[in-house]
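> A predicted structure for the sequence below; I have some questions about it.
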Amino acid sequence: MNGNTELGIPRRGLRFLRRRARVVGRLGLWSVLETGQTFLMGYAVARALDDGFLAGRADVGLGWLGVGAVAVAVGAYGTGRVYGCVAALVEPLRDRLVRGVVERGVREADGGALSGLTQQVEIARDTFAGLVMVSRSFLFTAAGALIGLFSLAPALLLVVALPLVVGVGLFLATLRPLARRQEAFLVADEALADRLGTVCPALRDITAAGAEEPVAADTGRSVDAERRAARSLAHWGVVRVASLTVGGQLPVVLLLATAPWLLDHGVTPGALVGALAYITQSLLPALQNLVHGLGTSGSRLAVVLRRLAPPGEPSTADATPPPSGPPPPPCDTAPTPSGATSPPHPAADALALSSVTFAYGSAGTPVIDGLDLRVPHGTHLAVVGPSGIGKSTLTGLVAGLLRPRQGTVHLCGQPVPGATSRAHRVLIPQEAYVFRGSLAENLGELRPKPVPEAELWAAAEAVGLTELMVRLGGPAAEVDPGALSAGERQLVALARAYLSYAPVVILDEATCHLDAEAEERAELAFARRPGTTLVVVAHRVSSARRADRVLVMDGRCVAYGEHDELVTRSPLYRDLAGAWSPAPRPDRSPLPAPGPPGSRASEPALPLRDPDGVDPVARPGLAGDGGHVVAHGAVGKVQAAGDLGDGGTLGGQ
Amino acid sequence: MTTLTETGGAPGPAAVSAALGRAAVRNSAPRCAVLALVAVAATGANLALPLVLGQALDLLLAGDPEGSRRVLWCTGLVVALAVLDAVETVLGGTTDARTTAWLRRRLVGHVLAVGPRAVGRFGPGDLVARLVGNAAQAGTAPTTVAALVAGLAGPVGAVVALWLISPWLATVFLLGAPPLVLLLRALARDSAECVTRYQRAQGRIASGLAEAVAGFRTIAAAGTAARTVARVLRPLPELSREGHRVWRVQGRAAARAAALAPLLQLGVVAGAGVLLSQQRLSVGELLAASRYAVLAAGVGVLVGQLSGLVRARAAARRLDEILAEPPTTYGERLLPPSGQGRLELCGVSVGRGGRTVLDGVDLVVPAGTTLAVVGRSGAGKSLLAAVAGRLTDPDEGEVRLDGVPLRELDRRELRRAIAHAFERPALLGGSVEDTIALGVPRPSPARVREAARSAHADAFVRRLPDGYATPCADAPLSGGEAQRLGLARAFARDCRLLVLDDALSSLDTVTEHHITDALHHTTAAGRLIIAHRAATAASADRVAWLDEGRVRAVGAHAELWRVAGYRELFR
């Protein structure tokens, strides 16, 4: 599609081969055996006829054919060795592609990387191998045949080579438009698969909306687009036939047409038969393979490579060095006199945001608009607000994962995002990352060196991981992330953060799969961790109650202060605090709520309907809504105390 | 009674037993006939060419002027071969494309007519695989069948030709052929084991990568990408080792295969040479014999064609299974214009997997009121919602909307009258706007925005990179946000009955409160709400308590609250 990238792949391919000149050389040497086979298959037949069978000496003829048979055996051995050389070219390419795919998947959270790994890389591997085999085989077979023709009679070479060159030229000239058709087909095929991949799981929604006809019409368009692309590709098949006819069949006719002249000029009958054998048995099949192989595999490989390794991408350049070096200075010590960046805020502020504005994309409405926030060192801050209001966006900004459109963020006096700020904070998101490996490896991930076992146990005890650690069999035990529950994975992530040297800890609903008790234990562990500033995106009201300060987010309105202060100042906070009031759950024999039965007001799920109402006190009898301000997880993973969860989460974890 | 697939003729039991592959062949019968003729003609030309070539050579060697006429014959044959080959290429390729598209259109139409049952029966992934992969394989059936006769005629004809030249030569060939076949078969067996080990190493990398993609935020925040990459790639050396082994095994097999055909050919030439030296054969005949030996060895191609046909048939059978699922049938009745959305379930029973999930349920949602349905997980709540909106049919009993049984309703009338919102809505359509507007008739852009506002989705949609035009695939939506889009889809239509199947479960309590509040203030329609939270149940006019597929009680939340078992539901 784009001329630039189209040029890129052959050039990069050549560079790839040049770097592996020795392998290419070995490949050439083993292929020469096949050249020898090709050469002898024609030459031996010619000599067997001329010197043997036609001269009445069958033994000589059989001898020459025996030489041919030996050549076949040797050539076959060469073929076997050629596979080894092809492997030495293909496997490094596959390694490189796998490395690139994993690299991109990890760095960009590209879910498509998975199909890239298992499917596209394999397509690249197979097509590249096919391409090398086919083009190599054509080159060496053609060489053997042409040398053979020359040694039988130079005149033969002239008759055969000319149409061959024209045929190959015709094919090469049309290779590019053919590749474009092939690529268009692959793209259309993929688009159709994508389309069906969204329609099939959505059948329930389609039926419910009565949208069968528009969806059928839409899918039909994808089906037709694919059909058109396939048809156009089939039409271009004529070019292949034409180049085969010119390059492979025309020489036969020419050879016969010129036979009287050739026979007059000293060409023997045996040489004529040998020449015909070269054409029909060596050149034509090799050309056939080339024409079919290059046409389809070539463009398939180009498409896949373009997707797997876009040009201009640094192959293995690494932007982030692994964590190393000494632990960063805690916030309260004076900043290191590196001098390069003069911290605009005094070191006393663990976190400082000034006029921060952020929006997704250029057309989106700001999620965060002109936010000012200063969090002194050692503070325990809770962030609350309805779902989707931008709490995770805020943590992303603080952690430097997102860049504000306007304003600045400073962590311990260091600008964010910046090279130095990362060591100062650790962020644990809702979806805990646990990988297959030892438990010690998982826990020590944020430390430059292996963590002493005693320290691992101490951290486990602090956050409440001990039980799991014992059950798994200690720090050396292998962890299978799939076998852990969501809550257990969160405990591992919490212990990992606890062990890191970062003074600022950000928990973005990192305890949402824990029950209230376990959550409290984990939060308190961090609050007591020496020199720690804790930012908690609250999942339950109890988190806010424990905090020194609370940040209430409500779209453009933001309130910041202590719990008691906010209850009077922020209607939303009052609403939220009321709704998730930590009131003791109704015990086994609760009285129905006061008020006449049946009246809806008697059991207000949300007692503070009226934002101006003045009753922040929780009431008993608030059945359900067991303290959750935010439902978490992917859609449907609803659970937790008080909600009727599906899938065994009844009554919380 | 109507179905969506009337154009294709509703496939009754008779249609099901007729294999789809055969139907596909019939569908392109003329093309297949032409293809078969072309293929046979090409094979004939291919078989004639060595003979004419040999004769021409003999005549030329003898200096006979007849020779130049034979050369012309040769030229004619070569040109004819080229033309036939071109026709076969184009016609074969376009027929494959045509058949595949025909199959896919027919299957997509059928799957849509079956509805959600199709996903329940096959699973979404398998369904996609059948429509994409199997349809493409089955689509090649007609051309494969057409080429089969010619594919068989080629090698057989070549052996016969050898026999005609000299029975000795055919004997030499036939004796040498069996080892060829045996060795080719060994190829597949040898490589299986290292391929398995290769795939296992690949699987370990893939699962490491999947974990890392899911833990993206942690890795990005910690800056441990390089470490993670190195860890995920730990099995790479093994992958590489096994990869090399696979090539080596294949190389050995290929070497044997590469040796056999030329050796066979040399054997035939040797036999012909001996006959030539005894003057029982001409040079031209030797040339022809050598060529026929090669053509006869092409029996491998036939094996490939046969296995292609087997694959196509297996694929067609998998497609047949889809067609065997009968489409949902609809009636032609319309709703009474005066109705306000009164829903009645009378003695409704539904079984799933041999278990009775709903057992004789009787329920009424009076027009303009809200009925909340609560119960333990597995009590049959979602199935009840599906039955109420005719996303599935009850095995026994009847569901009526404003007095008309749902089965007798016209499809458009039915879908217009009942709107659904789900716990996990499928977000299909190009953009966020399209996904809200899904359905017939399509609501206006203004209506879409109004619905989004009622569902508390407008604010976050406008914060997306391109607002309402943002493609769904590019919108980073949380569970609660996706639910709100699903609600907006239901709100964007004027319906008589609104069915919310756990559609508020991922919302925070404040938002949920606002939405249910808005719901109760619209009196135009009846509302059936599957609820998990007490707050939702409390806000409904009445609550139906479902227990093990039966209605245990119906009443106001406050009344039911007195029953301990009811309170237990919300623990």
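Looks like it arrived, so ask away. Keep in mind it's a predicted model, so treat the numbers as computed, not measured. Residues are numbered from 1 along each chain as shown, chains lettered A, B, ... in the order given.
> okay, CA-based contacts and neighbour counts for the rest of this
OK.
> got the contact list for stretch A:275-291?
Outside of stretch A:275-291, the residues that reach it under the criterion C-alpha atoms under 8 Å, 6 or more residues apart in numbering or on different chains are A:38, A:41-42, A:134-135, A:137-138, A:141-142, A:145, A:149, A:152, A:156, A:160, A:168, A:171, A:240, A:244, A:247-249, A:251-252, A:255, B:291, B:294.
> And stretch B:87-103, by the same measure?
Outside of stretch B:87-103, the residues within contact range by C-alpha under 8 Å, 6+ apart are A:223-224, A:226-228, A:230-231, A:233-238, B:24, B:27-28, B:31, B:35, B:38-39, B:135-136, B:138-140, B:142-143.
> just stretch A:382-395 next, same as before
Surrounding stretch A:382-395, the residues in contact under the criterion C-alpha under 8 Å, 6+ apart are A:367-368, A:402, A:427, A:506, A:508, A:535-539, A:543-544, A:547-555, A:573, A:576, A:629-631, B:460, B:478, B:480-481, B:507-508, B:510-511.
> Let's see which of those residues end up in strands.
Secondary structure assignment (DSSP state E) places A:368, A:427, A:506, A:508, A:535-537, A:549-554 from those within strands.
> shaky segments in the chain?
You didn't say which chain, so I picked chain A. Within chain A, the stretches with pLDDT under 70 are A:1-7, A:111-112, A:115, A:310-348, A:363, A:555-556, A:578-653.
> not quite, I wanted chain B
Checking chain B against pLDDT under 70 turns up B:1-19, B:180-181, B:183-192, B:300, B:522-524, B:571.
> Strands of that one, start to end?
Assigned strands in chain B, in chain order: B:343-352, B:355-365, B:370-374, B:396-401, B:404-405, B:418-422, B:497-501, B:526-530, B:542-547, B:550-555 (criterion: DSSP E).
> Chain A is nearest to which of these?
strand B:418-422 (6.3 Å; C-alpha to the nearest C-alpha).
> residues of that closest one that come out buried?
In terms of neighbour count (16 or more other C-alpha atoms under 10 Å in any protein chain shown), strand B:418-422 has its buried residues at B:Ile418, B:Ala419, B:His420, B:Ala421, B:Phe422.
> Quick one: residues contacting residue 408.
Defaulting to chain A. When contacts are counted by C-alpha under 8 Å, 6+ apart, A:Thr408 is found next to A:Leu353, A:Ser354, A:Ser355, A:Val356, A:Pro415, A:Val416.
> Let me rephrase: I mean chain B.
By C-alpha under 8 Å, 6+ apart, the contact set of B:Glu408 is B:Tyr330, B:Gly331, B:Glu332, B:Arg333.
> If any of those residues are buried, put those into a ChimeraX selection.
Under the burial definition 16+ other C-alpha under 10 Å, those of those that qualify are selected in ChimeraX by:
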select /B:330,331,333
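> Please report how far A:Gly66 lies from chain B.
Using C-alpha to the nearest C-alpha, to the nearest Å, one obtains 9 Å as the distance from A:Gly66 to chain B.
> Any figure for the gap between the most centrally placed residue in chain A and B:Gly208?
Chain A has A:Ala113 as the residue nearest its centroid, 2.3 Å off, counting by C-alpha atoms, centre = their mean. Using C-alpha to C-alpha, to the nearest Å, we find A:Ala113 at a distance of 12 Å from B:Gly208.
> do B:Arg130 as well
B:Arg130 is 29 Å from B:Gly208, where distance means C-alpha to C-alpha.
> same question, A:Leu29
Distance of A:Leu29 to B:Gly208, computed by C-alpha to C-alpha: 40 Å.
> Neighbour count: these two, which is higher?
Neighbours of A:Leu29 and B:Gly208, each counted by other C-alpha atoms under 10 Å in any protein chain shown, are more numerous for B:Gly208; the result is 23 against 15.
> Return the residues in contact with that one.
B:Gly208 is in contact with A:Phe435, A:Arg436, B:Val232, counting by C-alpha under 8 Å, 6+ apart.
> I figured the second one hits A:Ala483, correct?
No. At 10.5 Å, A:Arg436 and A:Ala483 do not qualify as touching, with contact defined as C-alpha atoms under 8 Å.
> out of these two, which sits in the more crowded spot?
For the pair A:Arg436 and A:Ala483, the greater number of neighbours falls to A:Arg436 (18 against 9), based on other C-alpha under 10 Å.
> need the strands for chain A, in chain order.
Per DSSP E, chain A carries strands over the ranges A:349-358, A:368-376, A:380-384, A:406-411, A:414-416, A:425-428, A:437-438, A:478-479, A:504-508, A:533-537, A:549-554, A:557-561.
> wait, which of these is closest to B:Glu238?
Closest approach to B:Glu238 among the strands of chain A is made by strand A:437-438 (17.2 Å; C-alpha to C-alpha).
> Adjacent strands (with direction) for the closest one?
strand A:478-479 (antiparallel) (DSSP bridges).
> interface residues of the stretch 51-200 of chain B facing chain A?
Residues of the stretch 51-200 of chain B lying close to chain A (C-alpha under 8 Å from any C-alpha of the partner chain) are B:56-57, B:60-61, B:63, B:68, B:71, B:74-75, B:78, B:82, B:85-86, B:89-94, B:97-98, B:100-101, B:104-105, B:108-109, B:112-113, B:115-116, B:119, B:124-125, B:127-128, B:131-132.
> Kindly list the main-chain dihedrals of the residue nearest to B:Asp410 when sequence neighbours are not counted?
Ranked by C-alpha to C-alpha, 6 or more residues apart in numbering or on different chains and with sequence neighbours excluded, the top spatial neighbour of B:Asp410 is B:Glu332, at 4.3 Å. B:Glu332 adopts backbone torsions of phi -120, psi 10, taken as degrees, to the nearest 10.
> for A:Ala544, what are its contacts?
When contacts are counted by C-alpha under 8 Å, 6+ apart, A:Ala544 touches A:Leu381, A:Ala382, A:Val383, A:Val384, A:Ala538, A:Val550, A:His563.
> still on that earlier bit, from the ones in strands among the contacts of stretch A:382-395, pick out the ones that also neighbour chain B.
Restricting the ones in strands among the contacts of stretch A:382-395 to those near chain B - C-alpha under 8 Å from any C-alpha - leaves A:Leu427.
> Tabulate the ones in strands among the contacts of stretch A:382-395 (a markdown table), appending neighbour count.
Listed next are these as a markdown table, based on neighbours: other C-alpha atoms under 10 Å in any protein chain shown:
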| residue | neighbour count |
| --- | --- |
| A:Ile368 | 24 |
| A:Leu427 | 27 |
| A:Ile506 | 25 |
| A:Asp508 | 23 |
| A:Val535 | 27 |
| A:Val536 | 25 |
| A:Val537 | 28 |
| A:Arg549 | 22 |
| A:Val550 | 28 |
| A:Leu551 | 25 |
| A:Val552 | 23 |
| A:Met553 | 22 |
| A:Asp554 | 20 |
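> out of the ones in strands among the contacts of stretch A:382-395, what pair is the most spread apart?
Pairwise distances among these were taken by C-alpha to C-alpha; the largest, 22.5 Å, belongs to A:Leu427 and A:Asp554.
> are any of the residues of the stretch 51-200 of chain B next to chain A buried, and which?
Neighbour-count burial (16+ other C-alpha under 10 Å) is assigned, among these, to B:56-57, B:60-61, B:68, B:71, B:74-75, B:78, B:82, B:85-86, B:89-94, B:97-98, B:100-101, B:104-105, B:108-109, B:112-113, B:115-116, B:119, B:124, B:127-128, B:131-132.
> still on that earlier bit, point out the ones among the residues of the stretch 51-200 of chain B next to chain A that are inside helices.
With helices defined by DSSP state H, the entries of those inside them are B:56-57, B:60-61, B:68, B:71, B:74-75, B:78, B:82, B:85-86, B:89-94, B:97-98, B:100-101, B:104-105, B:108-109, B:112-113, B:116, B:119, B:124-125, B:127-128.
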